[in-house]
Each structure stands twice: as structure tokens, then as C-alpha cells.
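Asker: Predicted coordinates and the sequence they were generated for:
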Amino acid sequence: MTSEDNAAKRRSGHVVISAENVRKSYGGAAGSSDVLDGVSVDVFAGDFTVIMGPSGAGKTTLLNCLSGLESIDAGEVAYEGTSFARLSDRQMSDVRAASFGFVFQSPRLVSNLTLYENILVAGLLSPNLTDRQARDKADALVRALGIESAARHLPNQVSGGEAQRAAVARALVCEPSIVFADEPTGALNQANSEELLDILCESNAAGQTILMVTHDVKAALRATRIVYLRDGSVEGELDIGTYDKAASAAREREIVGWLADQGW
Ligand SMILES: Nc1ncnc2c1ncn2[C@@H]1O[C@H](COP(=O)(O)OP(=O)(O)OP(=O)(O)O)[C@@H](O)[C@H]1O
């Protein structure tokens, strides 16, 4: 998928992932309320969509349902128009391997592989790339993310920021249609958070579709669209266009004002 493809798809409102009236509960006591209470939302190609909302609103659950990591109880989630319900477990895992990248709050790197090997192995296992392409892409990402020397070390020999940048590279190396990121800056200090957000923003500017859960207004600043979730329902959506560092103060005021209107 080239950036031109995604830019054109975004202009045309191309939907990558759609959720229709999704309900989800984790069982428990009879009558326990749904964690997702009929959520309908679309994720558009080329967007950097952020899911915000109070703690316990169901943000991680929604992200996991949209990526197929969690099953749903009712409603429908579809990738490129194909309902997950029509896919076997094998087909679902093929979609994830070919089209989805994941970044979590902690890097979740394989501890006995170097950062470079963690990135490369993901590329080698991807059905999207030849071995040569996987190596070239891993090399390019290591350079672009500024982790050339850290890449030679094991995860326990590098800083948290370096490890998390490697986790982003691992997600991007397969050239996924969409990157799902759950609080990717949650365990980072402010400087490392800003660097990681710069990387996600640059990747989005190059056409990468991103869906990210965050509590952090500074992270939401980078989004092109914010979805606000409360008590398992979408309360509001804000389209804010592409991030512009020079206008970030005005943008932050707009977002904080909108979040206040949602009851943030
Ligand atoms: N595996 C699980 N089993 C049972 N209950 C769960 C499970 N995962 C989440 N929950 C519950 O579902 C609700 C929503 O959780 P979720 O993590 O999706 O919310 P969130 O908005 O991401 O919260 P936070 O911002 O605190 O991370 C919470 O009440 C949580 O305790």
C-alpha cells in the first residue's frame, strides 16, 4: 500500500475496519452490564484515529475486538468489507499476520533476540515480504527510528524508549494495513513519548493507518480523528485533520475543549 493509495482512499472515505452495533461482555454475574454496549465505528484508511475515554470505558476491549484479538458477543466487525464472523481461525490469523501490526504499552520483545532480530524475524515471517525485502525494511526502520547501536543489543540491555521504538519497528516492518496501538507511550517518560509519537506521526504522514488507545492529550494531539468512548458507547467523534507542530497550542486547546464537552 503506497502513501498515494492511502491518501486517495482517505479522500474517498475508504473504510478499513468497521464495527456495527458491537456488544461484548466478559460474562460473570448474571445481569452484568456489557463492556461494549452496541458500538458502531469506522476506521478510515490513512487516518490516525485515537480512542479516548475514562478508565474502564472499554477502550482496550474495543481495540481488541476491532483487531480480532477478542471475540464479540453480537454485532459485526469487518476488515475491508469481510466480516470476521465469516473467517475461520486460520483465516483470521492470516489476516492478522498479513495486514495488522500491534504495539502495546510494554514492548513485549523476545528476550533472547537482539532488537534487530526481533524486527527482522517479524519481517521474515510476514507473507508480505521476501527475505531480502524483510532485511532491507528492517535496516531502513532501524536507521529511521535512530536505534542503530541499540539494535545490536538484547531487550534487557537497552532503555525503555529504545525497546519501544523497536516494538514500533516490529509492527511496521510487515507493512501492515493498520497498526493497533494500546497506550504505546504509557510506560515512557515525556521525551521518549514525544519521540515515539513523532515516529507514529511520520508513519501516518507516509500513509500508515493507525488506531491508538491513549489517556494522554499530548498523544491525542497527533491524531487526525478522536473517538470518545464512555461506558461502552461512542459518545462523540472529532475530525481534526493532520498534526502541525507549529499550530499545536491551538490544536491542544481545541481538543481539550472538545474533551471537556464529552465530560472528560
Ligand atoms: N479479560 C477480562 N475479564 C473480565 N473483565 C475484563 C477483562 N478485560 C477488561 N475487563 C473489564 O472490562 C471493563 C473495560 O475494560 P477495558 O480495559 O476495555 O477499559 P479501558 O477503557 O481500556 O480502561 P483503562 O483506561 O483503565 O485501561 C473494565 O471494567 C474491566 O475491568
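Answerer: The structure has been received and is ready for your questions. All of these numbers come straight from a predicted model, not from anything done at the bench.
Asker: just checking, Gln164 touches Pro107?
Answerer: Yes - using CB atoms under 8 Å, Gln164 is in contact with Pro107, at 5.2 Å. Where you see a C-beta, it was placed from the backbone N, CA and C, and this is true even at glycine.
Asker: So between the two, which is more surrounded?
Answerer: Set side by side, Gln164 and Pro107 show more neighbours around Gln164, with 28 against 22, by other CB atoms under 10 Å.
Asker: tell me the pLDDT at the more buried one?
Answerer: Note on Gln164: pLDDT of 96.
Asker: Next, give phi and psi for the residue lying closest to Glu80 once chain neighbours are set aside.
Answerer: Using CB to CB, 6 or more residues apart in numbering and skipping residues adjacent in sequence, the residue nearest Glu80 is Val16, 6.6 Å away. Here is the backbone geometry of Val16 (degrees, to the nearest 10): phi -90, psi -50.
Asker: count of neighbours near Val16?
Answerer: Neighbour count of Val16, defined by other CB under 10 Å: 24.
Asker: In contact with it, which residues?
Answerer: By CB atoms under 8 Å, 6 or more residues apart in numbering, Val16 lies in contact with Val43, Phe44, Ala45, Tyr79, Glu80, Ser177, Ile178, Thr209.
Asker: Let's see which of these end up in helices.
Answerer: Secondary structure defined by DSSP state H assigns none of the contacts of Val16 to helices.
Asker: Got a ChimeraX select line for the buried ones in those?
Answerer: To isolate the buried subset of the contacts of Val16 in ChimeraX, counting by 16 or more other CB atoms under 10 Å, use the following:
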select :43,44,45,79,177,178,209
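Asker: Pick the one among the contacts of Val16 closest to the ligand.
Answerer: Val43 (17.0 Å; CB to the nearest ligand atom).
Asker: Can you tell me the SS state at the residue lying closest to that closest one once chain neighbours are set aside?
Answerer: Closest residue to Val43 apart from its sequence neighbours, by CB to CB, 6+ apart: Ile17 at 4.2 Å. Classification of Ile17 using DSSP: H, G, I helix; E, B strand; the rest coil returns strand.
Asker: how near is Ile17 to the ligand?
Answerer: Ile17 sits 17 Å away from the ligand, going by CB to the nearest ligand atom, to the nearest Å.
Asker: Now that that residue has come up, it's in contact with Tyr79, right?
Answerer: Yes - Ile17 lies in contact with Tyr79 (CB under 8 Å); the separation is 5.7 Å.
Asker: Where do the strands of this protein begin and end?
Answerer: For the chain, the strands defined by DSSP state E cover 15-24, 36-44, 48-52, 74-79, 82-83, 100-103, 178-182, 209-213, 225-230, 233-239.
Asker: Student question: in the chain, what's the helix or strand with minimum average pLDDT?
Answerer: Using mean pLDDT, DSSP states H and E, helix 3-11 stands out as the lowest-scoring helix or strand of the chain, at a mean of 54.
Asker: so how far is Thr61 from Phe104?
Answerer: Distance from Phe104 to Thr61, counting by CB to CB, to the nearest Å: 14 Å.
Asker: more crowded one of those two?
Answerer: Thr61 (24 against 17).
Asker: who's in contact with the more buried one?
Answerer: Shown in contact with Thr61 (CB under 8 Å, 6+ apart): Lys24, Val35, Leu36, Glu70.
Asker: What confidence value was assigned to the second one?
Answerer: Reported pLDDT at Val35 in the predicted model: 96.
Asker: correct me, but it touches Val22?
Answerer: No - counting by CB under 8 Å, Val35 stays clear of Val22, with 10.3 Å between them.
Asker: Those two: who's more crowded?
Answerer: Applying other CB under 10 Å to Val35 and Val22 shows that Val22 carries more neighbours, namely 25 against 21.
Asker: Please determine how far the closest residue to Glu252 other than its chain neighbours is located from the ligand.
Answerer: Spatial nearest neighbour of Glu252, excluding adjacent residues (CB to CB, 6+ apart): Leu221 at 5.8 Å. According to CB to the nearest ligand atom, Leu221 and the ligand sit 18 Å apart.
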